[in-house]
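Q: Just to be clear, the model below is a prediction. Sequence and coordinates:
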Amino acid sequence: MKTATVRELKKELEHSSHEELMALCLRLSRFKKENKELLTYLLFEATDEEGYIQSVKQEIDEQFKLINTTSYHYIKKSVRKILRNIKKHIRYSSSKETEVELLLFFCDTLIHYRPYINNNSVLKNIYFRELTALKKKITTLHEDLQFDYYQELEKLPS
């Protein structure tokens, strides 16, 4: 089966009734958890971006508390999983400010995490890679926001 382009889908959806669109959305939400999460974000959380950011930050904190610290191997796996989750939430929001805010929070939490990430090169590389990406993303924001976020970025060790 050949997948239709976004343009073709848009044209076809324009001809659909309200009931058909609702049925399509509900059917789509049954297939993947990510589809359901995206629909939840769009319907309930997109209007309150600050609340969304705070709830994701709380989730990140909880995930960091659950990390198995018996070895750096488990810490690395958990940090990668947390970062994957953050990227997923960023995709849902598609707001540059939300992206910068969540990545800053991740870097801050990671650098202050115990046991120290400085004892492991992979964890340090994850941290520095995200710092580099953050610097690039901050440059795409409005000048006032750039100034604010650069001040927060300066607080993080590089």
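A: Cool, got the structure. Numbering: from 1, shown residues only.
Q: List of residues touching stretch 24-33?
A: 13, 16, 35, 36, 39 (C-beta atoms under 8 Å, 6 or more residues apart in numbering). (C-beta placed from N, C-alpha, C; glycine too.)
Q: Quick check on residue 42: phi, psi?
A: In terms of degrees, to the nearest 10, the main-chain angles of residue 42 are phi -60, psi -40.
Q: Contacts only, for it.
A: By C-beta under 8 Å, 6+ apart, the neighbours of residue 42 are residue 92.
Q: that older thread, in helices, which of the contacts of stretch 24-33 fall?
A: 13, 35, 36, 39 (DSSP state H).
Q: Just the buried ones from the residues you listed?
A: Among the ones in helices among the contacts of stretch 24-33, none scores as buried (criterion: 16 or more other C-beta atoms under 10 Å).
Q: Of the residues you listed, which is the nearest to residue 132?
A: If you rank the ones in helices among the contacts of stretch 24-33 by distance to residue 132 using C-beta to C-beta, residue 35 comes first, at 31.5 Å.
Q: That closest one and residue 138, how far apart?
A: Counting by C-beta to C-beta, to the nearest Å, the separation of residue 35 from residue 138 is 31 Å.
Q: do residue 56 as well
A: Counting by C-beta to C-beta, the gap from residue 56 to residue 138 is 19 Å.
Q: coming back round to it: now the two most distant members of the ones in helices among the contacts of stretch 24-33.
A: Farthest pair in those, by C-beta to C-beta: 13 and 36, 19.2 Å.
Q: Just give the number of residues close to the closest residue to residue 139 other than its chain neighbours.
A: Spatial nearest neighbour of residue 139, excluding adjacent residues (C-beta to C-beta, 6 or more residues apart in numbering): residue 146 at 6.8 Å. Using other C-beta atoms under 10 Å, residue 146 has 15 other residues around it.
Q: same check, this time on residue 93
A: Look at residue 93: counted by other C-beta under 10 Å, it has 19 neighbours.
Q: Check residue 56 too.
A: 23.
Q: My guess is it contacts residue 101. True?
A: No - Residue 56 is beyond contact range of residue 101, at 9.0 Å (criterion: C-beta atoms under 8 Å).
Q: any idea of the mean pLDDT for the one helix or strand residue 10 maps to?
A: Element membership for residue 10, per DSSP states H and E: helix 6-14. Taken as a whole, helix 6-14 has a mean pLDDT of 88.
Q: counting contacts, what elements does the top helix by length along the chain pack onto?
A: The longest helix of the chain (DSSP H) is helix 72-93. Here helix 72-93 touches helix 33-40, helix 49-65, helix 96-111, helix 121-138, going by 3 or more C-beta pairs under 8 Å, 6 or more residues apart in numbering; DSSP states H and E.
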